[in-house]
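*Asks:* Requesting a structural model of the entry that follows:
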Amino acid sequence: MTRARGADGVEDVQPRNPRQSAHEHGIQRVDNDARLSDELASVVGGARRRAVRDGDRQIDTAHLLHSLLESDPDARAVIGEGPQIARLLGYLVQRSIGYGLRWQSGVEDSGAVPLVTETAGFSPLAAASMEYACARGSERGGPARGTDLLAAIVVDPQARAVEVLERAGIDPREVHARLDGRPAVTEECGEATH
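*Replies:* Predicted structure coming up:
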């Protein structure tokens, strides 16, 4: 077998591990969805690339959360700074050796919402979160933003993003309350916390 030589005299080398495209993974682009702000479309694109790189068949809420924290300063500000955000990012970065191994065998679906088919390669919960974010943006009179998506992914206690938030010591109910501009209510006593 002979190999073709390039103009510089070096043989063309095929990559050892051919990378699959997002389309080959079944994860389609949604960048042109007019219901999304440019920033949120970029976040979704980042989540799509992360899912493909991790070898996942679907974009889940943890992919979306990770991309939001990396790309959207408003969403990150709602989560806060300090050791909790560092721990959260650490858990998300280590997905391929931690949560991701357990998650690879199943589909993210809480059963709380009607089963959504694999819309553009999203898990059922992530697809429902995208719809919730779009509805929230529409209520405001504009396209969905990153904070709309953050609000959407923290409302379902079965979401993978919620599991990681809780593991990092961040209460998703408090995050949702901050997004809605109201004080968080503690479950034990029913009183507002500040």
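
*Asks:* Going by C-alpha atoms from here, please, whenever you check contacts or count neighbours.
*Replies:* Noted.

*Asks:* in the protein, which ranges drop under the pLDDT threshold?
*Replies:* Across the chain, the ranges flagged by pLDDT under 70 are 1-32, 95-120, 182-194.

*Asks:* Please enumerate the helices of it.
*Replies:* 22-25, 38-54, 61-71, 73-79, 83-93, 99-103, 124-140, 146-153, 160-167, 172-179 (DSSP state H).

*Asks:* Can you tell me which of those is packed in deepest?
*Replies:* helix 146-153 (a mean of 26; mean count of other CA atoms under 10 Å).

*Asks:* Report all helices and strands that that helix contacts.
*Replies:* helix 38-54, helix 61-71, helix 73-79, helix 124-140, helix 172-179 (3 or more CA pairs under 8 Å, 6 or more residues apart in numbering; DSSP states H and E).

*Asks:* Can you show me the CA trace of that helix as CSV?
*Replies:* The C-alpha coordinates for helix 146-153 follow below in CSV (Å, rounded to 0.1, in the frame of the first residue of the first chain):
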residue,chain,number,x,y,z
GLY,A,146,-28.8,32.0,29.2
THR,A,147,-30.6,32.8,32.5
ASP,A,148,-33.8,31.5,31.0
LEU,A,149,-32.1,28.2,30.3
LEU,A,150,-30.5,28.1,33.8
ALA,A,151,-34.0,28.6,35.3
ALA,A,152,-35.3,25.8,33.2
ILE,A,153,-32.6,23.3,34.1
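
*Asks:* Identify all contacting residues around it.
*Replies:* 39-40, 43, 61, 65, 68, 72, 74-75, 126, 129-130, 132-134, 136-137, 159, 161-162, 175-176, 179 (CA atoms under 8 Å, 6 or more residues apart in numbering).

*Asks:* Apply 7 Å and report the result again.
*Replies:* 40, 61, 68, 72, 74-75, 129-130, 132-133, 136-137, 159, 161, 176, 179 (CA atoms under 7 Å, 6 or more residues apart in numbering).

*Asks:* what do you get for stretch 71-82?
*Replies:* Under CA under 7 Å, 6+ apart, the answer for stretch 71-82 is 43, 68, 69, 146, 147, 150, 175, 178, 179.

*Asks:* can you list the residues you listed in TSV and add distance to residue 49?
*Replies:* Below are the contacts of stretch 71-82 laid out as TSV (distance: CA to CA, whole Å):
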residue	distance to residue 49
43	10
68	13
69	15
146	17
147	20
150	19
175	26
178	29
179	27
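
*Asks:* returning to that earlier point: mind checking the helices and strands packed on helix 146-153 for the one nearest to residue 89?
*Replies:* Of all the helices and strands packed on helix 146-153, helix 61-71 sits nearest to residue 89, with 7.2 Å by CA to CA.

*Asks:* what's the angle between the closest one and helix 146-153?
*Replies:* Here helix 61-71 runs at 160 degrees with respect to helix 146-153, directions being taken by axes from the mean of the first three to the mean of the last three CA atoms, to 10 degrees.

*Asks:* quick check: angle from helix 61-71 to helix 83-93?
*Replies:* Here the directions of helix 61-71 and helix 83-93 differ by 120 degrees (the same axes, to 10 degrees).
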